[in-house]
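Asks: model the following, please.
(chains A, B, C and D)
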Number of protein chains: 2
Amino acid sequence: MANPMPDLTLEDIAKQAGVSRSTASRVVNAHPNVREDVRKRVLGVVEQTGYRPHAAARALASQRSWTIGLVLPHSISFFFTDPYYPHLTKGIAQACNQHDYTLALFLVGTKEDEEKIFARLSRKGLLDGVIVQAGHHGDQQIIGRMVDTRMPLVVAGRPFRSDNVSYIDIDNSAAASNAVSHLIRLGYQRIGTIAGPSNSTVGLDRKAGYVEALKDRGKTIHDSLIAEGDFTETGGYHAMQRLLPAKPDAIFAASDIMAIGAMRAVREAGLKVPDDVAFVGFDDLPMATLSDVQLTTIRQPVVQFGVRAVEILIEQIESGITAPRRTILDTELVIRESCGASRRR
Amino acid sequence: MANPMPDLTLEDIAKQAGVSRSTASRVVNAHPNVREDVRKRVLGVVEQTGYRPHAAARALASQRSWTIGLVLPHSISFFFTDPYYPHLTKGIAQACNQHDYTLALFLVGTKEDEEKIFARLSRKGLLDGVIVQAGHHGDQQIIGRMVDTRMPLVVAGRPFRSDNVSYIDIDNSAAASNAVSHLIRLGYQRIGTIAGPSNSTVGLDRKAGYVEALKDRGKTIHDSLIAEGDFTETGGYHAMQRLLPAKPDAIFAASDIMAIGAMRAVREAGLKVPDDVAFVGFDDLPMATLSDVQLTTIRQPVVQFGVRAVEILIEQIESGITAPRRTILDTELVIRESCGASRRR
DNA sequence: ATGGAATCTGGGAGCGCTCCCAGAAATTCG
DNA sequence: CGAATTTCTGGGAGCGCTCCCAGATTCCAT
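Replies: As a prediction, the model looks like this:
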């Protein structure tokens, strides 16, 4: 591949290969109707010249940019405290690469950011589609505005208003219920929860699962056993401190990172995990196994989640069908030490 | 703003405002030579039609995509374990938004990823410039290849081969030396270090600073007091376990996250921080203050780092001058509890 | 007024590609 | 073996914008 290459165009390639621009285009885009020897010849020239089609020209002519946007709205604050987001981003980036799409990242911080970003998102010729991370109440507006643009859109996480939007999510409530049922089966009597913020659907859904599991077994719900965290380590720590006076013997935490913070609080109070307080977390990110006590947790396929989101979006883009559609991914309860299962059995 | 807007073009706007396409273009791009009343009239039409210029068309005509790429190469594995990367990404995203550039994110995982991504990066008409995170040995190749493309490039972190490349970094060695000198001044006798991996410039530079500080005070370097970690919590934990037999009374850890892991090991060994082993970390990410013992650490301006990287890159893009240039940002020693300064004074 | 400079405006020629269409070449079949 | 298909190829017409250039307007001295 010649290196300080002059900016060559399709026309140049065509000339060198002794064909027309159209034929060269067909070869480059793997269209079927090209004679084999001609294809080879053109491909050879492409190879040795190191020709790469001009992205903007292609986008203009084909009205497809081969770029998708990832918008992390309100969630930006969690982008740093909860490893969930980097993992999601990885899955999305990976899938984009796989499918030869470019990924444009939009981190919304302030309100002004949001304006600027929205203006960029709605620009024609830049993005073929958009994935918006949602679930937080504040994200609703940007989703609504994106829907209005009629651009292919997939929401990652259940949005507050989910009619009319394609989204992908896990069954948070069922997963949480599963986790809590596990604790009930192990015989714990005073099961508390560190819930996510109630201005998020994840927070709400997981808490709902907790409540449901207890109700199904005829247990009563004690408000003193429910504390709200904000999906941070510190949040989990403080929530646990609030819970401690109610003397819970088991906790379902709505995220691993909060579980870790909560266990810190438990330890500081001179109690032992899982002997005095058992734990089940949520996420099963690598950190789950790195604390002193291996965390029992709900495994959600975060990377896969991102990959699927991209696939669904691309399908919409390429088929032109953008009918709302929801996709729910499976989760799995991973039993380790923190729930005390091994000793209780 | 009319919503189900037909795809209007500059020509449409011009027609509606009773001017030519050229004049409309001038207004949209804030060129000076337009009479005030004409400008107002056109702006009015733009406003009420909700017109947005077509990104690809603009990119093709102006040969500028207003998009910059961020490449996280080998470092992708740390993208999840070290909050440094999300923070850096935030700074970069923020600055891009500020300057009205779109940010394209490229996470390199596998070797095939690298090929595909490189092909994308070197495509004309897609990116105006690129920021490559570097410092890891494996990143060298992609940097070399990017340099060959003659595209504006800024490397974040000192690359192994830094001639011929613009890069931005902090003075890792001076900062580390500063941290260790602080420990020396506090009277610690057996100061160890948990270094970063030796296939990274950050790891090397911080270790060099450690060595330098000790040498400057005429202290000898004990290999048994040096352990290598991999910038993860677990890595720090294991490195500390290896160091413990040498009975260090203070540790300089090359990152906060490793310091946290190391302190866990110390605690598990039944020792106290800072009484038995004092600590200084590196980064000062929010987590530094969230452990049981507040971490004394080197504060590096991570977000600012990203912002500056973007600014330097944009300067190169807009000036056309890509002469290699290095920028070194200042750091600061933040004294909290873990170094035991308060008790020793 | 009135020429000349300064400022504004419109048309044209691309930017590099895709995609449609018509014609050429190769293939099939009566 | 020629006519009817089928497959391949090239030219033309954009995609929506920028930017240069020339012509039209306005401005300001004289």
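Asks: what does chain A have sitting close to DNA strand D?
Replies: A:18-23, A:26, A:32-35, A:38, A:57, A:60-61, A:63, A:124-125 (Cβ under 7 Å from any atom of the strand). Every C-beta, even on glycine, is put in place using the N, C-alpha and C of the backbone.
Asks: tell me the residues of the stretch 1-150 of chain A that contact DNA strand C?
Replies: A:7, A:9-11, A:21-22, A:25, A:28-29, A:53-54, A:57-58, A:60-62.
Asks: now do residue A:189: how many residues are near it, please.
Replies: For residue A:189, the number of neighbouring residues by other Cβ atoms under 10 Å in any protein chain shown comes to 11.
Asks: which residues of the stretch 1-150 of chain A fall in strands?
Replies: A:67-72, A:102-107, A:129-133 (DSSP state E, counting those that start in this stretch).
Asks: which of those sits closest to residue A:187?
Replies: strand A:129-133 (38.3 Å; Cβ to Cβ).
Asks: now do the closest one, average pLDDT.
Replies: Across strand A:129-133, the average pLDDT comes to 96.
Asks: other residues contacting it?
Replies: Residues outside strand A:129-133 that contact it (Cβ atoms under 8 Å, 6 or more residues apart in numbering or on different chains) are A:68-73, A:75, A:85, A:88, A:92, A:121, A:139, A:142-143, A:146, A:151-157, A:309-310, A:313-314, A:316-317.
Asks: what residues does the residue nearest the centre of chain A make contact with?
Replies: By Cα atoms, centre = their mean, chain A has its centre lying nearest to residue A:88, at 3.9 Å. Residue A:88 makes contacts with A:133, A:156, A:302-303, A:305-306, as judged by Cβ under 8 Å, 6+ apart.
Asks: again, 7 Å this time
Replies: The contact partners of residue A:88, taken as Cβ atoms under 7 Å, 6 or more residues apart in numbering or on different chains, are A:156, A:302, A:305-306.
Asks: give me the distance between it and residue A:82.
Replies: Distance, residue A:88 to residue A:82, by Cβ to Cβ, to the nearest Å: 10 Å.
Asks: and what of residue A:235?
Replies: 10 Å.
Asks: now swap in residue A:230 and tell me
Replies: 10 Å.
Asks: just to revisit the earlier point, which of the contacts of residue A:88 fall within helices?
Replies: Counting by DSSP state H, these place A:302, A:305-306 in helices.
Asks: closest to residue A:328 among these?
Replies: Closest approach to residue A:328 among the ones in helices among the contacts of residue A:88 (Cβ to Cβ): residue A:305, at 10.6 Å.
Asks: wait, isn't that closest one in contact with residue A:91?
Replies: Yes. Applying Cβ atoms under 7 Å, one finds residue A:305 in contact with residue A:91, separated by 6.2 Å.
Asks: show me which of the residues of chain A next to DNA strand D are buried.
Replies: Those of the residues of chain A next to DNA strand D that meet the buried threshold are A:19, A:23, A:26, A:34, A:38, A:57, A:60, A:124-125, by 16 or more other Cβ atoms under 10 Å in any protein chain shown.
Asks: need those in TSV (columns: pLDDT).
Replies: TSV is the format used below for these (pLDDT from 0 to 100):
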residue	pLDDT
A:19	94
A:23	95
A:26	95
A:34	91
A:38	92
A:57	97
A:60	97
A:124	93
A:125	95
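Asks: okay, among the residues you listed, which ones form the most distant pair?
Replies: A:38 and A:124 (35.4 Å).
Asks: up against chain B, what does the stretch 101-250 of chain A have?
Replies: Residues of the stretch 101-250 of chain A found near chain B (Cβ under 7 Å from any Cβ of the partner chain) are A:102-105, A:107, A:109, A:113, A:116-117, A:120, A:122-126, A:148, A:233-234.
Asks: let's see which of those residues end up in helices.
Replies: Among those, the members falling in helices (DSSP H) are A:113, A:116-117, A:120, A:148, A:233-234.
Asks: so which of the residues of the stretch 1-150 of chain A next to DNA strand C sit within helices?
Replies: A:10-11, A:21-22, A:25, A:28, A:57-58, A:60-62.
Asks: filter these by proximity to chain B?
Replies: A:57, A:60.
Asks: for burial, what's the neighbour tally of residue A:325?
Replies: So residue A:325, with other Cβ under 10 Å, has 14 neighbours.
Asks: was I right about it contacting residue A:166?
Replies: Yes. Using Cβ under 7 Å, residue A:325 is in contact with residue A:166, at 4.8 Å.
Asks: and residue A:168, which of the three is it?
Replies: Classification of residue A:168 using DSSP: H, G, I helix; E, B strand; the rest coil returns strand.
Asks: next, the nearest residue to it once chain neighbours are set aside: phi, psi?
Replies: Distances taken as Cβ to Cβ, 6 or more residues apart in numbering or on different chains put residue A:327 closest to residue A:168, at 4.3 Å, once the chain neighbours are dropped. Dihedral angles of residue A:327 (phi, psi; degrees, to the nearest 10) stand at phi -130, psi 130.
Asks: ok, residue A:327 - contacts?
Replies: A:168, A:308, A:312.
Asks: same check on residue A:198?
Replies: A:204, A:228.
Asks: am I right that it is in a strand?
Replies: No. Judged by three-state DSSP, residue A:198 forms no part of a strand; its state is coil.
Asks: and it, what pLDDT?
Replies: 94.
Asks: ramachandran angles for it?
Replies: Backbone phi and psi, for residue A:198 under degrees, to the nearest 10, turn out to be phi -80, psi 0.
Asks: so how far is chain B from it?
Replies: 23 Å (Cβ to the nearest Cβ, to the nearest Å).
Asks: would you reformat the ones in helices among the residues of the stretch 1-150 of chain A next to DNA strand C as TSV and include distance to residue B:207?
Replies: Converted to TSV, these look like this (distance: Cβ to Cβ, whole Å):
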residue	distance to residue B:207
A:10	52
A:11	55
A:21	57
A:22	59
A:25	54
A:28	49
A:57	49
A:58	48
A:60	51
A:61	53
A:62	52
